[in-house]
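1. pasting a predicted model and its sequence here:
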Amino acid sequence: MENLKLVDANHDIPAIMAALGRAARQTAHALSLASTAAKNNALYAAAQKIRARAGDILAANQRDMADAKAKDTPPAFLDRLALDAKRVEAMAKGLEDIAALPDPVGRLLARFERPNGLIIERVATPLGVIGVIFESRPAVAADAGALCLKAGNAVILRGGSESFHSVALIHQCLVDGLRAAGLPAAAIALVPVKDRAAVGEMLAGLGGNLDVIVPRGGKGLVARVQAEARVPVFAHLEGINHVYVDGDADLAKTLSIVRNSKLRRTGICGAAETLLVDHACATTHLAPLVKMLLDEGCAVRGDAATQAADPRVSPAAEADWATEYLDAIIAVRVVDGLDGAIAHIETYGSHHTDCIVTENAAKAERFLHEIDSAIVLHNASTQFADGGEFGFGAEIGIATGRMHARGPVGLEQLTSFKYRVHGTGQIRP
């Protein structure tokens, strides 16, 4: 890991982090002026490096996995941490996909002329320096580094201790790509210490050198970031996602959507955690849905109607309706039509991702209009809550706030704008 100088807790962490912040700020201006070709060349070169060093990355990941298993880490967490040849290739392909996207910097967002002849343009600009704090998933380093670079931002990555060795190798590939393209290595920085004090320094803003923070991890991490950060945060606290099965839902389609939404990958933020079934179709749809979930190894916690549908269902407690399981567990409730579903989601949801399954266009339109979540779907799996699936190449996270960025945070959301005003000598009366 020749490009990463690891330090221990005996070092002056505030000084180390302050130096990272200063270097990132100095780099951000140059990066904002970098050509599209240079940024793309860096991404293509980094993708080649990841492929060339796939064996080293997998070996580092095996070291991380062994450490995590020794600590009795839950299976869902291990799934997020694990890399294999397919996931490493997906990382490399993701960098190339981002390179192929249009450069968001310099986009003309609006142009208008005032009565006095002034021409005003709104133009996209980078945010500046972005801090990304993440836990188990090593691929976040590649996605976040690439997206920030393409959007002209410097980035400081702080991976979790559980993915430390995997992330170090991935970061090295990104830095090699920067150097191959003639861009400054500090454009994608990695915090070289496991000590959590480094997170505190980032939350404090690194002396004014950090412009925004993106946390990617569990509820504890995100809650701390949102509570303590002195700079803007793009984040979601929980993904309490719902699938509502309307009375006009097709059963075969519903079974497929629910299965995928819950079980494709249970440990990701787009996984469904609650299934709501309209009482109008409960006699035909509830039992097959519950049976499918149980037969495929998913524990079901349900209300009285759901328990009556299958003796294997456990009683749902009040807390289950507000729980992000990130595991093969789902809460199931029968509701009184669309009104009941909307009321439940607004009461217990986290404004992340919610889906309606129905063949009734009017009901679908009402659901999409009234549910105030970052992502709402009609007849599609909640696991499409992903920047790559949106055509963004990748995502740096999912945001559920209402300011600036919402939903998958991709290239467009990693830019701000400025106004350029063209005059011919106008003065203000």
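-> Done, it's in.
2. and Phe77, what element?
-> Applying DSSP states H and E as the criterion places Phe77 in helix 75-81.
3. what do you get for Lys253?
-> helix 251-263.
4. name the helices or strands packed onto the helix or strand just after that helix?
-> As assigned by DSSP H and E, the chain's next helix or strand after helix 251-263 is strand 272-278. The helices and strands touching strand 272-278, judged by 3 or more Cβ pairs under 8 Å, 6 or more residues apart in numbering; DSSP states H and E, are strand 241-245, helix 251-263, helix 287-295, strand 329-335, helix 337-348. All C-beta spots, glycine's among them, are computed from the backbone N, C-alpha and C.
5. just put those in CSV and tack on mean neighbour count, mean pLDDT and distance to Ala68.
-> Formatted as CSV, these follow (neighbours: other Cβ atoms under 10 Å; pLDDT from 0 to 100; distance: least, Cβ to Cβ, whole Å):
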stretch, mean neighbour count, mean pLDDT, distance to Ala68
strand 241-245, 28, 98, 26
helix 251-263, 19, 98, 23
helix 287-295, 18, 98, 28
strand 329-335, 24, 98, 21
helix 337-348, 17, 98, 31
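6. can these go into JSON lines with extra columns for distance to Ile133?
-> Output for the helices and strands packed on strand 272-278, formatted as JSON lines (distance: least, Cβ to Cβ, whole Å):
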{"stretch": "strand 241-245", "distance to Ile133": "23"}
{"stretch": "helix 251-263", "distance to Ile133": "28"}
{"stretch": "helix 287-295", "distance to Ile133": "34"}
{"stretch": "strand 329-335", "distance to Ile133": "27"}
{"stretch": "helix 337-348", "distance to Ile133": "27"}
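7. so for Leu118, which of the ones you listed sits nearest?
-> helix 337-348 (44.9 Å; Cβ to Cβ).
8. could you check the angle the closest one makes with strand 329-335?
-> 130 degrees (axes from the mean of the first three to the mean of the last three Cα atoms, to 10 degrees).
9. and helix 337-348, how far out from the chain middle?
-> For helix 337-348, the distance from its own C-alpha centre to the chain's C-alpha centre is 25 Å (Cα atoms, centre = their mean, to the nearest Å).
10. can you list the low-confidence ranges for the stretch 1-150 of the chain?
-> 1-10 (pLDDT under 70).
11. switch to 80 and redo it
-> Applying pLDDT under 80 to the stretch 1-150 of the chain flags the ranges 1-11, 76.
12. for it, which segments count as strands?
-> Taking DSSP state E, counting those that start in this stretch to define them, one finds strands in the stretch 1-150 of the chain at 108-113, 119-126, 129-134.
13. make a markdown table out of those strands and add mean neighbour count and distance to Asp79.
-> Shown next, in a markdown table, are the strands of the stretch 1-150 of the chain (neighbours: other Cβ atoms under 10 Å; distance: least, Cβ to Cβ, whole Å):
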| stretch | mean neighbour count | distance to Asp79 |
| --- | --- | --- |
| strand 108-113 | 11 | 40 |
| strand 119-126 | 17 | 34 |
| strand 129-134 | 27 | 15 |
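14. from Leu190, how far out is the closest residue to Ala60 other than its chain neighbours?
-> Using Cβ to Cβ, 6 or more residues apart in numbering and skipping the chain neighbours, the partner closest in space to Ala60 is His165 (4.0 Å). Counting by Cβ to Cβ, to the nearest Å, the separation of His165 from Leu190 is 12 Å.
15. ok, which of the helices and strands packed on strand 272-278 comes nearest Ala399?
-> Using Cβ to Cβ, the helices and strands packed on strand 272-278 put strand 241-245 closest to Ala399, at 15.0 Å.
16. quick one: strands adjacent to that closest one?
-> strand 272-278 (parallel), strand 353-357 (parallel) (DSSP bridges).
17. among those strands, which is the most enclosed?
-> strand 353-357 (a mean of 30; mean count of other Cβ atoms under 10 Å).
18. now do that one: distance to the chain's middle.
-> With Cα atoms, centre = their mean, you get 18 Å for strand 353-357.
19. got the angle between it and helix 251-263?
-> 160 degrees.
20. next structured bit after strand 353-357?
-> Once the chain leaves strand 353-357, the next helix or strand it forms, by DSSP H and E, is helix 361-370.
21. thinking again about what came up before, what number of residues lie near the residue nearest to Ala60?
-> His165: 24 surrounding residues under other Cβ atoms under 10 Å.
22. go ahead and confirm it touches Asp64.
-> Yes: counting by Cβ atoms under 8 Å, Asp64 is a contact partner of His165 at 5.2 Å.
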